[in-house]
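Participant: Got a predicted structure here, sequence first:
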Amino acid sequence: MNYEAVIGLEVHVQLKTASKMFTRVAAGYGRPENTLTDPVVLALPGALPVLNKEALDKIIKTGLMLGCTIAPVCKWDRKNYFYPDSPKNYQISQFDQPICIGGLVEIELPGSARNVMGEHKQIPLTRIHLEEDVGKLNHGASESLVDYNRAGTPLMEIVTDPALKSADEAFAFLTALKTIIIQGGISDCDMEKGQMRCDANISIRPVGETKLGTKVELKNLNSISYVRDGIAHEIRRQIAVTGNGGLIVQETRDYDGEAGTSQSLRSKEMAHDYRYFPDPDLMPVRVDDRWKERIRATLPELHFDKQRRFFDQYQLPYTITSVLVPEQALSDYFEESAKLCGKPQAAGNWIANDLLRELSAAQLSLADSKIRPAHVAGLVNLVEAGVVSNNIAKGIFVTMAQTGEMPEVIVERQGLKQSADTGELERWVADAIAANPQAAAAFKAGNEKSLNAIKGGVMKASQGKANPKLVDEIVRRQLSA
């Protein structure tokens with residue numbers, strides 16, 4: 001029997017705020033254990049929560065970016081469970097009145113070949129709600145210690161419909177979602193720091209069946225690659241169990257990304273197991289149109305929308321746009337460079353290839369680069385004007401990265417201007433033809449590629465300063481004489 005997978009994701013994202021969700025104590029990472037706490041975080045008797053408005057702004061912004069309906073009123077509920085990482089023994093969350101309803105995330109699936117744009121799909125969301133994070137358990141050989149620094153951090157949960165069909169779709173979803181959230185300034189989404197975490201609900205059913213199968217929740221997927229690998233593993237496991245006559249049980253399983261295996265953790269809880277009830281210490285929140293419009297004015301251009309604009313406005317190929325658009329700072333850098341030189345395709349090539357190569361080699365961020373948009377634009381203009389050849393320009397680029405000098409200064413200091421002296425070029429061409437009689441004969445016999453050997457000799461004699469266009473013209477004229 002042929003089976004298809006049905007996958008839903010629950011993505012938890014820590015919001016980048018100065019303080020925690022219900023108290024003014026700082027939110028952060030990497031501080032000494034249990035130093036980011038106060039009576040509210042530790043749930044001491046008499047401590048009362050106060051809402052963090054910045055967190056509400058950020059979840060509303062996320063909802064608007066993803067096309068969600070922003071609820072006019074949302075409320076707060078207590079999700080009751082007993083576990084050492086929760087000092088309250090309940091979590092303040094949103095149950096039946098979340099702040100964001102519906103929405104879509106556009107994804108791009110892998111192309112049929114490398115550097116080829118793949119299929120785009122819209123993945124529907126069920127909801128996005130706001131809650132507080134829990135602490136972190138650190139397990140040792142004989143004991144477990146709890147750090148409450150993370151407890152109380154604003155946490156956004158993004159829940160998809162059961163609409164994903166494969167591990168690749170899940171990977172593409174998380175990649176696109178992470179890009180959107182980072183570009184919106186909502187979170188840094190560093191999975192190693194726990195700022196973005198994902199649980200996957202996976203079931204299988206016979207192809208053509210409409211009823212959902214029994215779902216299994218997969219946890220501890222602490223990288224986007226592990227999400228993809230864990231889902232693929234779970235689909236294979238469920239097909240094998242079913243094929244051998246077994247039954248899939250609703251449970252939570254732990255996935256070991258290093259070993260590529262999973263094991264059962266516990267039977268899966270249902271919503272009623274948490275005994276949700278409205279939090280008596282927090283009032284519902286009303287979100288009016290004025291609030292939403294204030295935030296709507298700050299929305300960034302989504303990266304796939306920007307990519308389509310780059311196709312149309314700048315005629316850039318997919319190979320360049322796919323590099324530029326995921327990072328807001330890089331796409332802004334490109335647009336400034338293109339505006340300064342008026343040659344967007346040339347600017348895009350230098351940025352996507354040479355600039356990123358130099359940054360990677362020097363282990364620098366774009367903000368730390370000595371090459372600014374004016375440098376790129378200046379170099380493009382020098383090449384377009386025929387002042388330097390493309391090969392010479394590559395060396396100039398490396399020098400710019402090292403020194404921060406403008407390209408015009410480097411050209412003048414190093415004497416790199418292309419030679420347009422036709423008398424000198426005529427002599428170099430004649431010498432190159434004399435040194436390559438076989439190439440000359442091959443060209444006269446109709447072999448165009450044989451010209452490269454002669455032109456290469458000219459470029460070597462000129463130390464790369466000969467104008468390639470003029471060289472080509474003179475070589476052809478001399479060989480035709």
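Facilitator: That came through, no problem.
Participant: quick one: Val25 and Leu42 touch, right?
Facilitator: No. Shown here, Val25 and Leu42 do not form a contact pair, counting by CB atoms under 8 Å, at 10.1 Å. For every residue, glycine as well, the C-beta is placed using N, CA and C.
Participant: Look at these two and report which has more neighbours.
Facilitator: Neighbour count, other CB atoms under 10 Å: between Val25 and Leu42, Val25 has more, with 19 against 15.
Participant: ok, now how distant is the closest residue to that one other than its chain neighbours from Asn138?
Facilitator: Residue nearest to Val25 in three dimensions, not counting chain neighbours: Asp38, with 4.4 Å by CB to CB, 6 or more residues apart in numbering. Asp38 sits 21 Å away from Asn138, taking CB to CB, to the nearest Å as the criterion.
Participant: Can you pick out the residue with more neighbours from these two?
Facilitator: Asp38 (14 against 11).
Participant: ok, now which ones touch Val383?
Facilitator: Taking CB atoms under 8 Å, 6 or more residues apart in numbering as the criterion, Val383 is in contact with Ala346, Ser389, Asn390, Ala393.
Participant: nope, Asp472 is what I meant
Facilitator: Contacts of Asp472 by CB under 8 Å, 6+ apart are Leu451, Lys455.
Participant: Ser112 too?
Facilitator: Per CB under 8 Å, 6+ apart, neighbours of Ser112: Gly118.
Participant: So for it, what pLDDT did the model give?
Facilitator: pLDDT for Ser112: 73.
Participant: Tell me the secondary structure at it.
Facilitator: What DSSP: H, G, I helix; E, B strand; the rest coil gives for Ser112 is coil.
Participant: Where does the spatially most central residue of the chain fall, secondary structure wise?
Facilitator: Relative to the mean C-alpha position of the chain, the nearest C-alpha, by CA atoms, centre = their mean, is the one of Thr179, at 3.9 Å. Thr179 is located in helix 167-183, with elements delineated by DSSP states H and E.
Participant: Show the subsequent helix or strand relative to that helix.
Facilitator: strand 196-206.
Participant: Just name whatever secondary elements that following strand is in contact with.
Facilitator: strand 3-14, helix 167-183, strand 216-221, helix 224-243 (3 or more CB pairs under 8 Å, 6 or more residues apart in numbering; DSSP states H and E).
Participant: Pop out the phi and psi values for the nearest residue to Arg309 once chain neighbours are set aside.
Facilitator: What sits nearest to Arg309 in space, not counting adjacent residues and going by CB to CB, 6+ apart, is Glu301, at 7.5 Å. With angles defined as degrees, to the nearest 10, Glu301 sits at phi -70, psi 120.
Participant: what's the domain layout of this protein?
Facilitator: 3-294, 303-414, 422-480 (automatic domain parsing).
Participant: ranking these by mean pLDDT, which is last?
Facilitator: domain 422-480 (a mean of 84).
Participant: how long is it from one end to the other?
Facilitator: 17 Å (CA to CA, to the nearest Å).
Participant: ok, back up a step: from the contacts of Val383, which is closest to Gln122?
Facilitator: Closest approach to Gln122 among the contacts of Val383 (CB to CB): Ala346, at 34.4 Å.
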